[in-house]
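quick one: sequence plus predicted model below, questions after.
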Amino acid sequence: MIPDGEIDRIKGTTDLAAVIRSRGVDLKPAGHDLVGLCPFHEDHDPSLRVTPAKGLWRCMSCGATGNVIQFIQRFDGVSFRHAFELLKAGTIAFTGATTGAPLKKATIPRLPAPVAADADDQAALRQVLDYYHERLKENPAALAYLQKRGIGDPATIEAFRIGFVDRTLGLGLPHANRKEGATIRERLQRLGILRDTGHEHLRGRLVFPVIAEDGTIGTVYGRAIDDRGKHDRHLFLPGPQRGIFNPAALSPLALGVSNGEVILTEGIIDALTFWSAGFHNVTTGYSAKALPEELLEGLAAAKVARVFIAFDRDEAGDKGAAEVAAQLMDRGIECRRVLFPHGLDANEYARQVPPAAQSLGVLLNAAQWMGKGAAAAAAGARAEVGMQKAEPSSDASRALPSSLAAKAAPEAARVAPVPEAQPTPDEAAKEEMPPPITPAVNPSTVPTLTPNGEYWVLTLDGLDAGVREYRIGGLEKSLGSEAMKLTLRLKVGDRFH
């Protein structure tokens, strides 16, 4: 749907008289109006009256009337959307129909073709996705959705070539009754961009391509921006979901920065939530189920040491995390479970507990140890290293974790190894639990709750008022409940508050 504001802008900024004259209609002044022969019926006495000040035209004989968009729609034989796009494109709207007379239906598109006729499959996909990427930049509603989800910064949009399907791709494609049009449309149908009906498969959705290091496109994920009545708000191109999302996370350079650690999410938006918060060592398995073999092989080949499984905190996410952990530990990769508060996923949590760079860091630091796998156990304990975060927020050190962060951190500290991947009882008795991860970032940037008797203690350094120690009671009793009842005691120097 075209925003009303955009329609009003086009109507208000387009020279109606110039558009009508470009269609071969001679207009002459008549008071505050212009008059000419109506092109929509056999007119011998000028019946067409144009009022430039109001942006309206009307035939006094046949009754045809409208604004500049509706004039092009009727004269050029195109849809309202097509007429709008012609005007939006600029000078192309000021050239008349090829016959010099109104058309019942246009058969030759006048907008630039977004896909070349000689493009192969990968080139056609890239051209379509480039088109969608540019359309996103002109769609306020789609951009607002990304901002609402916390992943709308230009760096994220550009890095992952995010786009939007606004149903305009077909306006520039040659018609199917022409050889060139039939060739292009058949290819796009085979690739899943177009359905058999000719409509775009991912229409009305933001699109997130999965692009390999060499530029090859594996699949495309679509997310509806309007959830009303949409049972299929999550949609991929038809066929297998090939490719590794954000393959840069598995590069030697990235793994050197992250100390061999990778964050794994259920979906692409959750992965982009971590990425936008500065945690660039993130990828996704596209669901809360077993990881695709391509990703498993990629993680193993990259010699990833540790995976932080950041699945949704619900029944499906917990079940999937256990299944994925078993797969990874079977390949000798250590696993930790990032525990969000019950019912939340990474994106919801990050939006509810800003700043995301800090709140996500708290949970990564407190991630639950699940096991390190047979291969790793046989090789001996690895050196424990901390999560590396790219470019931490400059003011994160001054923000305190909210109640959600405080609720999640102690719960995340409990250890519940995956039964299937555990050693025998005798072996388990000899094996020590690894120490908690110590973050490699400044502790004041990612404060950590530590148990102290019946209290949890949070110490913040580096503030103007000096060292602040918060003692929080009642967390354990409040976990899993809808309401929280806590006692909070603040100590600054020798004074209690």
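Sure, I can see it. Residues are numbered from 1 along each chain as shown.

helix or strand right after whichever helix or strand residue 84 is part of?
Here residue 84 sits within helix 80-89, counting by DSSP states H and E. Counting by DSSP H and E, the next helix or strand C-terminal to helix 80-89 is helix 121-137.

quick one: buried residues of that following helix?
Counting neighbours by 16 or more other Cβ atoms under 10 Å, one finds that the buried residues in helix 121-137 are 124, 125, 126, 128, 129, 131, 132, 133, 135, 136. C-betas here are computed from N, CA, C, even on glycine.

kindly export that helix (C-alpha atoms) in CSV.
What follows is helix 121-137 as a C-alpha-only set of coordinates in CSV (Å, rounded to 0.1, in the frame of the first residue of the first chain):
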residue,chain,number,x,y,z
ASP,A,121,20.2,-17.5,-11.9
GLN,A,122,22.6,-15.9,-9.5
ALA,A,123,22.8,-12.6,-11.4
ALA,A,124,19.0,-12.4,-11.6
LEU,A,125,18.7,-13.0,-7.8
ARG,A,126,21.3,-10.3,-7.1
GLN,A,127,19.5,-7.8,-9.4
VAL,A,128,16.2,-8.5,-7.8
LEU,A,129,17.6,-8.2,-4.3
ASP,A,130,19.4,-5.0,-5.3
TYR,A,131,16.0,-3.7,-6.5
TYR,A,132,14.4,-4.6,-3.2
HIS,A,133,17.2,-3.0,-1.3
GLU,A,134,16.7,0.3,-3.0
ARG,A,135,12.9,0.1,-2.5
LEU,A,136,13.4,-0.3,1.2
LYS,A,137,15.2,3.0,1.4
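
what's in contact with that helix?
Outside helix 121-137, the residues within contact range by Cβ atoms under 8 Å, 6 or more residues apart in numbering are 114-116, 119, 142-143, 157, 161-166, 168-169, 184, 187-188, 190-191, 193, 206-207, 209, 215-217, 220.

I figured residue 312 hits residue 340, correct?
Yes - Residue 312 is within contact range of residue 340, at 7.3 Å (criterion: Cβ atoms under 8 Å).

find residues that contact each of those two.
Each of residue 346 lies in contact with both residue 312 and residue 340 under the rule Cβ under 8 Å, 6+ apart.

which one's more surrounded, these two?
For residue 312 versus residue 340, neighbours defined as other Cβ atoms under 10 Å are more numerous around residue 340 (27 against 23).

enumerate every residue touching the more buried one.
310, 312, 313, 346, 348, 349, 363, 408.

turn those residues into a markdown table, including secondary structure.
A markdown table is the format used below for the contacts of residue 340 (DSSP: H, G, I helix; E, B strand; the rest coil):
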| residue | secondary structure |
| --- | --- |
| 310 | strand |
| 312 | coil |
| 313 | coil |
| 346 | helix |
| 348 | helix |
| 349 | helix |
| 363 | helix |
| 408 | helix |
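
who wins for most neighbours among those?
residue 310 (31 neighbours).

where does pLDDT dip in the stretch 251-400 of the chain?
When the per-residue scores of the stretch 251-400 of the chain are filtered using pLDDT under 70, the ranges that remain are 374-400.

and the helices in it?
According to DSSP state H, counting those that start in this stretch, the stretch 251-400 of the chain carries its helices in the segments 252-257, 268-276, 293-301, 315-330, 346-352, 356-365, 373-379.

give the buried residues for the first one.
Neighbour-count burial for helix 252-257, counted by 16+ other Cβ under 10 Å, picks out 254, 255, 257.

what's the answer for the second one, then?
Taking 16+ other Cβ under 10 Å as the neighbour-count basis, helix 268-276 is seen to contain the buried residues 268, 269, 270, 271, 272, 273, 274, 275, 276.

spatially central residue for this protein, please.
residue 269 (4.7 Å; Cα atoms, centre = their mean).

touching, residue 472 and residue 490? I think so.
No - using Cβ under 8 Å as the test, residue 472 is too far from residue 490 to be in contact (10.1 Å).

which one of those two is surrounded by more residues?
Regarding residue 472 and residue 490, a neighbour count based on other Cβ under 10 Å identifies residue 472 as having more, with 18 against 12.

for that one, phi and psi?
The phi/psi pair for residue 472 (degrees, to the nearest 10) reads phi -120, psi 120.

distance of it from residue 459?
In this structure, residue 472 and residue 459 are 12 Å apart, going by Cβ to Cβ, to the nearest Å.

how close does residue 59 sit to residue 25?
Residue 59 is 11 Å from residue 25, where distance means Cβ to Cβ.

so what sits against both of the two?
Contact criterion Cβ under 8 Å, 6+ apart; residues shared by residue 59 and residue 25: residue 48.

can you list the buried residues in stretch 146-166?
By neighbour count, with 16+ other Cβ under 10 Å as the criterion, the buried positions of stretch 146-166 are 146, 149-152, 156-157, 160-166.

quick check: end-to-end length of stretch 162-177?
Counting by Cα to Cα, to the nearest Å, the length from the leading to the trailing residue of stretch 162-177 is 32 Å.

returning to what we had before: adding distance to residue 174, write the helices of the stretch 251-400 of the chain out as JSON lines.
Below are those laid out as JSON lines (distance: least, Cβ to Cβ, whole Å):
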{"stretch": "helix 252-257", "distance to residue 174": "43"}
{"stretch": "helix 268-276", "distance to residue 174": "33"}
{"stretch": "helix 293-301", "distance to residue 174": "36"}
{"stretch": "helix 315-330", "distance to residue 174": "45"}
{"stretch": "helix 346-352", "distance to residue 174": "40"}
{"stretch": "helix 356-365", "distance to residue 174": "45"}
{"stretch": "helix 373-379", "distance to residue 174": "55"}
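
which stretch among those comes nearest residue 16?
The closest approach between residue 16 and any of these, judged by Cβ to Cβ, belongs to helix 268-276 at 43.2 Å.

pop out the phi and psi values for residue 342.
phi -50, psi 130.

do the same with residue 188
Recorded main-chain torsions at residue 188 are phi -70, psi -30, according to degrees, to the nearest 10.

hmm, it is touching residue 196, no?
No - shown here, residue 188 and residue 196 do not form a contact pair, counting by Cβ under 8 Å, at 11.2 Å.

ok, those two, which is more surrounded?
Neighbours of residue 188 and residue 196, each counted by other Cβ under 10 Å, are more numerous for residue 188; the result is 23 against 6.

next one: that one from residue 290, what distance?
Residue 188 sits 31 Å away from residue 290, going by Cβ to Cβ.

and residue 78, by the same measure?
The span separating residue 78 from residue 290 equals 49 Å under the rule Cβ to Cβ.

these two - which one has more neighbours?
Of the pair residue 78 and residue 290, residue 78 is the one with more neighbours under other Cβ under 10 Å, namely 22 against 13.
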